[in-house]
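**Student:** Need coordinates for the following:
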Amino acid sequence: MFLVFVSTNLHAQPVDVAATKETLHLYQFLQKTFHLGILFGHQDDLAYGVNWKYVDGNSDVQSAVGAYPAVYGWELGRIENDATNNIDGVPFAKMRQYIQTAYERGGIITISWHLNNPLTGKTAWDPVPGTVASILPGGEKNAVYNSWLDKVANFLQSLTGKYGEAIPVIFRPFHELNGNWFWWGKAHCTPDEMIRLYRYTEHYLKDVKNIHHLLYAFNTDQFANLNEYEERYPGNAFVDIVGFDIYQRDNNGKAFVHNSPFFDRK
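**Tutor:** Reported below is the predicted structural model:
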């Protein structure tokens with residue numbers, strides 16, 4: 001399990017100046033509710049659970065507390081390979097339907113992407129140095145990466161509500177980027193390369209693919225101090241939401257981050 005602590009106190013408006021009205025409304029809602037409490041989320045909530053799979057209306061959260069989660073997490077990994085199912089085993093067609101169902105219920109959608117290593121063709125957990133550099137403009141795999149972004153864009157553009165409006169999505173690319181387990185991790189690229197990749201990805205989706213229903217989330221793993229957190233931060237002009245992942249890895253319930261000055265910032 002992981003906890004994500006998010007703040008939307010970076011801007012009065014989303015970083016995408018052409019954001020759809022629905023996306024703007026989501027951003028404003030997050031701004032207003034940030035200090036009021038916690039929005040509970042659950043990955044793949046409508047797709048499967050304890051002793052069930054693909055049953056319409058089912059949700060372990062709803063079964064446990066009598067209400068569906070506020071936030072629904074989904075995953076795009078393997079879409080770059082034209083696979084039928086994502087890395088969680090959920091068919092993309094069903095995932096689209098679940099996102100639409102959750103949105104109509106008033107839920108918030110967040111999507112991550114465990115994309116394969118474009119340099120080697122292996123999984124996201126193939127941390128080969130030089131991969132990030134290879135997909136930046138001028139790199140040998142830039143065209144491959146662009147083609148993968150095209151597939152992501154096609155899926156995102158297919159997420160529409162009952163009136164044809166684009167469903168707002170919190171997009172969380174390159175999560176846990178200060179760890180070393182993914183090919184975009186800190187041991188496998190420079191801070192400048194990671195910042196350029198984040199900015200390039202956002203530029204491609206917004207300005208090349210004309211996608212304007214995304215809020216962009218910057219998400220690290222555990223960190224020791226503010227300097228480490230900010231080392232690969234792409235800048236306020238590219239980030240709507242900030243957060244980090246924390247996993248319960250010991251038996252003592254110890255938190256990995258204590259009294260972080262980051263969350264005292266305005």
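
**Student:** so where's this protein shaky on pLDDT?
**Tutor:** For the chain, the stretches flagged by pLDDT under 70 are 1-11, 248-266.

**Student:** what's the longest helix seen in it in contact with?
**Tutor:** When the chain is parsed with DSSP state H, its longest helix is helix 142-157. With contact meaning Cβ atoms under 8 Å, 6 or more residues apart in numbering, helix 142-157 is reached by 76, 79-80, 82, 92, 96, 111, 113, 115, 118, 134-136, 166, 169, 171, 201, 204-205, 209, 211, 213-214. In short, each C-beta sits where N, CA and C put it, glycine included.

**Student:** And the strands in the stretch 101-250 of the chain, which stretches?
**Tutor:** Along the stretch 101-250 of the chain, the stretches classed as strands by DSSP state E, counting those that start in this stretch are 108-112, 169-172, 214-220, 241-247.

**Student:** Would you mind giving those strands as a markdown table with distance to Ser158 added?
**Tutor:** Formatted as a markdown table, the strands of the stretch 101-250 of the chain follow (distance: least, Cβ to Cβ, whole Å):
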| stretch | distance to Ser158 |
| --- | --- |
| strand 108-112 | 13 |
| strand 169-172 | 12 |
| strand 214-220 | 14 |
| strand 241-247 | 23 |
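
**Student:** buried set for the longest helix of the chain?
**Tutor:** 144-145, 148-149, 152-153, 156 (16 or more other Cβ atoms under 10 Å).

**Student:** for the residues you listed, which one is nearest Tyr27?
**Tutor:** Checking the buried residues of helix 142-157 against Tyr27 with Cβ to Cβ, the nearest one is Leu156 at 16.8 Å.

**Student:** re the thing from before, convert the longest helix of the chain to CSV, retaining C-alpha atoms only.
**Tutor:** C-alpha atoms of helix 142-157 as CSV (Å, rounded to 0.1, in the frame of the first residue of the first chain):
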residue,chain,number,x,y,z
ASN,A,142,12.6,9.6,-29.8
ALA,A,143,10.4,8.5,-32.6
VAL,A,144,9.5,5.3,-30.7
TYR,A,145,8.6,7.3,-27.6
ASN,A,146,6.5,9.7,-29.7
SER,A,147,4.6,6.7,-31.2
TRP,A,148,3.9,5.5,-27.6
LEU,A,149,2.6,8.9,-26.6
ASP,A,150,0.3,8.8,-29.6
LYS,A,151,-1.2,5.6,-28.2
VAL,A,152,-1.6,7.1,-24.8
ALA,A,153,-3.2,10.2,-26.4
ASN,A,154,-5.7,8.0,-28.3
PHE,A,155,-6.8,6.3,-25.1
LEU,A,156,-7.1,9.6,-23.2
GLN,A,157,-9.1,11.1,-26.0
